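Asker: Sharing a sequence plus its predicted fold:
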Amino acid sequence: MKDYVLLFRGGLDFTKAQPQEVQEVILKWKSWVEDLAKKGVYNGGERLTRNDATVVSGYAKQVFSGAYKDGGEIVGGYISMKADNIEGAVELAKGCPIFNFDGVVEIREVAKM
């Protein structure tokens with residue numbers, strides 16, 4: 001099996017949603033992650049804050065504070081998981097609750113150093 005990282009962008013903005021909606025979405029995420037764990041493919045992951053990101057860039061190591069217009073540009077969380085191949089990772093990702101809110105999942109294979 002190969003290791004993959006799923007990066008989540010967009011989806012429900014927890015800072016603007018009603019508390020009941022947030023609870024429902026959290027339960028859907030929890031259920032999806034528990035299903036990945038039962039399948040033995042879940043390695044871990046976390047939700048990230050929506051606070052402005054800080055980026056260090058280039059040879060000069062310039063520091064930029066992210067002022068994103070659209071929350072969909074921000075990586076809101078990640079999961080590390082195992083799959084036989086990219087097609088298998090895609091199929092597992094399709095169960096993600098982020099799609100109920102027009103979110104995006106980027107799937108990247110982890111390169112072994």
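Answerer: Happy to help now that I have it.
Asker: Tell me which other helices or strands the helix or strand of the chain with the lowest mean pLDDT touches.
Answerer: Least confident helix or strand of the chain, by mean pLDDT, DSSP states H and E, is strand 54-57 with a mean of 82. Judged by 3 or more C-beta pairs under 8 Å, 6 or more residues apart in numbering; DSSP states H and E, the packing partners of strand 54-57 are strand 62-65. The C-beta positions use only the backbone N, C-alpha and C, and glycine is treated the same way.
Asker: Output the strand it packs on as CSV, nothing but the C-alphas.
Answerer: Included here for strand 62-65 are C-alpha records, laid out as CSV according to Å, rounded to 0.1, in the frame of the first residue of the first chain:
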residue,chain,number,x,y,z
GLN,A,62,9.9,36.8,2.3
VAL,A,63,7.1,36.4,4.8
PHE,A,64,3.5,37.0,3.7
SER,A,65,0.4,36.9,5.8
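Asker: Parallel or antiparallel, which strands does that strand pair with?
Answerer: According to DSSP bridges, strand 62-65 has the following sheet partners: strand 54-57 (antiparallel).
Asker: Contacts for the partner strand next, please.
Answerer: Residues from elsewhere that reach strand 54-57 (C-beta atoms under 8 Å, 6 or more residues apart in numbering): 62-66.
Asker: Alright, calling it a day.
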